[in-house]
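Trainee: take a look and give me a structure for this.
(4 chains)
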Number of protein chains: 2
Amino acid sequence: MPTLDDVARAAGVSKSTASRALSRPALVAPETVLRVRQSAERLGFVPNRAATALARGRTGIVAVVVPTLENAFFTPIIGGAQHRAAESGLQLTVVVNALRDDSDLDSLTQLSAQVDGFLLTAPLGSESRTLAACQLKPTVLVDREIAGVSSVIADTATAFAAVARHFIRDGHQRIALVGGSNRSWQNEQRIAAVRAATAGLAELAIFDPMPPTFAAGTEIAPALAESGATAVIPYATALGLGIVFALGARGVAVPDGMAITIERQVAAALGLTTMPTIDVDGAELGRTAMSALHDLMTRDTAETAARLRLPVPVVFPPGG
Amino acid sequence: MPTLDDVARAAGVSKSTASRALSRPALVAPETVLRVRQSAERLGFVPNRAATALARGRTGIVAVVVPTLENAFFTPIIGGAQHRAAESGLQLTVVVNALRDDSDLDSLTQLSAQVDGFLLTAPLGSESRTLAACQLKPTVLVDREIAGVSSVIADTATAFAAVARHFIRDGHQRIALVGGSNRSWQNEQRIAAVRAATAGLAELAIFDPMPPTFAAGTEIAPALAESGATAVIPYATALGLGIVFALGARGVAVPDGMAITIERQVAAALGLTTMPTIDVDGAELGRTAMSALHDLMTRDTAETAARLRLPVPVVFPPGG
DNA sequence: ACCGGTTGCGCAACCGGTTGCGGTGACAGT
DNA sequence: ACTGTCACCGCAACCGGTTGCGCAACCGGT
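Mentor: From the prediction side, this is the model:
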């Protein structure tokens, strides 16, 4: 592996000039920059990250912390974040950590010595513990908001409320909401939003927290069918799919027996052309969050925290 | 952040002794080791990875390369690998790269300067290109075999063949196989295995490559229904689910109209208690692969490549 | 008391970049 | 010709661990 010294020698300059030519070209004569770049290219020079990290005091690595990989919701976020990170020359390490207890916080503390920033997605832990994690390094929260911390969220709460209003307009009297972990911030937001949207207009049945899986959908379906609800808003795609399937097996047709909202592509595959669809762009969420984190890391002054809310498009069936 | 110097001073020894006490305690008097450890603990010393990497010439980071995050098959592998990596004090970085063309190979080459090893999962590229990637750093292939390279695969081919034989015993005359990318090594293996199992006993209908999604399942279902096959082996869970659903919508019942094999948990949720189920333990696959990679990285001599095959359990319905 | 052999530790030179500071030469102004 | 300015570049000291080498203290054996 060629080192910077080799490049410098080949270009006929000193190591320091070579370093500047490659990383801060404005400080070096254009003609010299060119020579150095060509030597680097020719030798196949790849800067040693460890050396750079040691000298600069930062590693160029950011950690994306997800509570679980089981939920398909997180993978596009990771993909989007990785994409944007690569554009900024940052490396990305994926960590599964729900921040649920103090040992989770400890392991993040350990990790914080080796990364420049955190993307904390949907952390489930208490606000105080989460806040402690946010103060270790520059952090952007994804799908959770805490005062004073930058965050990016997909506004599913508003989308759910819009769907609920749609169902009410369609004459539904009793609407069911099947949510996730009751420690989830998003879950609270959605419940509040849907409660507000239905208040005085329809009954709202809030079901027990369910994992975001197909099996959970089939499990909850009987209770759903017996609840008297005629429309349901499930919080995860696979969960909704399970519900649709199990209701069908019980003779409850969708959407006639039970209206439901689900991801667009799946709705299309199911032939549910008359239902409202919700589409969270996870990749965009990841990209936006990583951009925000990058800003946070490069900005020298600690300005006020940014709070971004990505609208979640709700598409109503034509003529619905 | 306290440094090794601080720890050494606190323990009343030199930096070198402190270093040895923490990383090679056998070289230091037990009593001294204890003193150093206590100082380190008390000060909250966390070794600077960049400095260690620079001095040792290795980074302690391994890259897990996956072709896509879209397929849920890969996430448990990542989870398992991450778990085992953490046990070995290794950090893990997830990279999406299918090794499909030469630019993919270039970016891995770049990356290879910053990691100690690769876990290449299901690379789709040509054998020569993949081999080139394997020679950059210690590498373990997952779900693909190449001569001379260590690999760990889940033996779905054998499992598929067993399922096919089961279907034949049940009297099925025409069996369908819905596979993935025709550039996938596993796909070839499965086709060959199922072809061998059905040869002379049943017809085999091999469908076009499909993405591993629910939508793909609903898309292929009509062709499947019209193919005359009475049993189907889909290569991905979501795909199978789409098939089951879309067949149901066409009035083809599962399993009476069409037998199918699918992941155990999903089969249970679907109430398909009479079908054979297949369970790939992705997490175990990831753990095993990471263990193999760790061995490869620590072993000094380049011994012969290990080829591991994890059996994939097939469970036949009771009395089936 | 003398000697070869351990054992435990410290000195200092690395690893490969980055950067503060000072030096050099070109050029313009008086 | 003399000096001040400025752009460009090199020297050397870092960053924080790791490790080869050598020194000193201690061991038992004669």
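
Trainee: could you list the low-pLDDT ranges of chain A?
Mentor: Along chain A, the model assigns pLDDT under 70 to residues A:300-303, A:319-320.

Trainee: quick check: residues of it near DNA strand C?
Mentor: A:1, A:3-5, A:15-16, A:19-20, A:22-24, A:45, A:47-48, A:51-52, A:54-56 (Cβ under 7 Å from any atom of the strand). Yep, even glycine has a C-beta here, placed from its N, CA and C like the rest.

Trainee: what helix or strand does the residue nearest the centre of chain A sit in?
Mentor: By Cα atoms, centre = their mean, chain A has its centre lying nearest to A:I77, at 4.4 Å. Using DSSP states H and E, A:I77 sits within helix A:74-87.

Trainee: number of residues surrounding the closest residue to DNA strand D within the stretch 201-320 of chain A?
Mentor: Nearest residue of the stretch 201-320 of chain A to DNA strand D: A:M297, at 18.6 Å (Cβ to the nearest atom of the strand). Using other Cβ atoms under 10 Å in any protein chain shown, A:M297 has 17 neighbouring residues.

Trainee: show me the contacts for it.
Mentor: Taking Cβ atoms under 8 Å, 6 or more residues apart in numbering or on different chains, we find A:M297 in contact with A:V62, A:D116, A:G117, A:P138.

Trainee: at 10 Å instead, please
Mentor: Residues in contact with A:M297 (Cβ atoms under 10 Å, 6 or more residues apart in numbering or on different chains) are A:R58, A:G60, A:V62, A:S88, A:L90, A:D116, A:G117, A:K137, A:P138, A:V140.

Trainee: quick check on the residues of chain A next to DNA strand C: which are buried?
Mentor: A:T3, A:L4, A:S19, A:R20, A:L22, A:F45, A:P47, A:N48, A:T52, A:L54 (16 or more other Cβ atoms under 10 Å in any protein chain shown).

Trainee: and the helices in chain A?
Mentor: For chain A, the helices defined by DSSP state H cover A:4-11, A:15-23, A:30-43, A:49-56, A:74-87, A:102-112, A:127-134, A:156-169, A:185-198, A:214-226, A:237-249, A:264-270, A:282-298.

Trainee: deepest of the ones you listed, which one?
Mentor: Mean neighbours per residue, mean count of other Cβ atoms under 10 Å in any protein chain shown, is largest over the helices of chain A for helix A:237-249, with a mean of 24.

Trainee: ok, that helix near chain B or not?
Mentor: Yes. Against chain B, helix A:237-249 shows contacts by Cβ under 10 Å from any Cβ of the partner chain at A:T237, A:A238, A:L241, A:G242, A:V244, A:F245, A:A246, A:G248, A:A249.

Trainee: returning to that earlier point: identify the residue nearest the residue nearest to the centre of chain A in space, chain neighbours excluded?
Mentor: A:G286 (3.9 Å; Cβ to Cβ, 6 or more residues apart in numbering or on different chains).

Trainee: coming back round to it: rebuild the residues of helix A:237-249 next to chain B as TSV, extending it with distance to DNA strand D.
Mentor: Formatted as TSV, the residues of helix A:237-249 next to chain B follow (distance: Cβ to the nearest atom of the strand, whole Å):
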residue	distance to DNA strand D
A:T237	46
A:A238	45
A:L241	50
A:G242	50
A:V244	55
A:F245	54
A:A246	55
A:G248	60
A:A249	59
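
Trainee: from those residues, pick the one nearest DNA strand C.
Mentor: A:T237 (43.7 Å).

Trainee: need the contact list for that closest one.
Mentor: By Cβ under 10 Å, 6+ apart, the neighbours of A:T237 are A:71-73, A:212, A:214, A:217, A:262-263, A:265-267, A:278, A:280, B:214.

Trainee: same deal with A:N71?
Mentor: So A:N71 contacts A:A122, A:G180, A:P211, A:P212, A:T213, A:A236, A:T237, A:A238, A:L239, B:T75 (Cβ under 10 Å, 6+ apart).

Trainee: got it, and A:S103?
Mentor: Counting by Cβ under 10 Å, 6+ apart, the residues that A:S103 touches are A:N97.

Trainee: could you do A:S128 as well?
Mentor: Residues in contact with A:S128 (Cβ under 10 Å, 6+ apart) are A:I146.

Trainee: next: the one 3 residues further on.
Mentor: Taking Cβ under 10 Å, 6+ apart as the contact definition, A:L131 lies against A:G125, A:T139, A:L141, A:I146, A:A147, A:G148, A:V149.
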